[in-house]
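Student: Provided below are the primary sequence and the corresponding predicted coordinates.
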Amino acid sequence: MATSPPKQLLIQGITREGRTFRPSDWAERLAGVMSSFRPGGAAPGSHLSYSPWCIPRIIDGVKTVVVHSDLRAHEPMAWDFVMNFAKDNDLVVKEHEAGSAPA
């Protein structure tokens with residue numbers, strides 16, 4: 001049986017009301033907090049780069065954090081933190097297939 005590709009979520013820096021989320025560096029801050037949650041776990045210096053499971057991007061001119069579903073499997077509390085951040089700040093969250101270009 002074939003499995004579907006892992007999902008990614010795109011947390012956009014736009015509220016559901018259409019306002020730009022502030023501060024302007026929110027995506028980098030969120031991804032920085034999540035930097036130690038990575039394949040193989042935290043290692044010396046891992047705080048100096050983003051985790052492949054939580055990466056800030058600008059997509060179509062909008063600050064976005066791409067969150068990979070592997071984060072949920074390996075660190076459920078970290079996944080909950082990211083999802084609650086989006087919910088608490090009323091940010092737009094979209095599903096996305098891993099491996100395809102984010103829309």
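Tutor: Thanks, I have the structure now. Numbers count the residues shown, from 1 in each chain.

Student: could you pull out the helices in the chain for me?
Tutor: Remark: helices assigned in the chain by DSSP state H are 26-33, 70-74, 76-88.

Student: what's the angle from the least confident helix or strand in the chain by mean pLDDT to helix 26-33?
Tutor: Every helix and strand in the chain was compared by mean pLDDT, DSSP states H and E; the lowest is strand 91-97, with a mean of 89. Using axes from the mean of the first three to the mean of the last three Cα atoms, to 10 degrees, the direction of strand 91-97 lies 70 degrees away from that of helix 26-33.

Student: burial count for Gly13?
Tutor: If you count neighbours by other Cβ atoms under 10 Å, Gly13 ends up with 23. Yep, even glycine has a C-beta here, placed from its N, CA and C like the rest.

Student: pLDDT below threshold where in this structure?
Tutor: For the chain, applying pLDDT under 70 flags the ranges 1-6, 42-47, 98-103.

Student: so which residue is smack in the middle of it?
Tutor: Central residue of the chain (Cα atoms, centre = their mean): Val67, 2.9 Å from the mean position.
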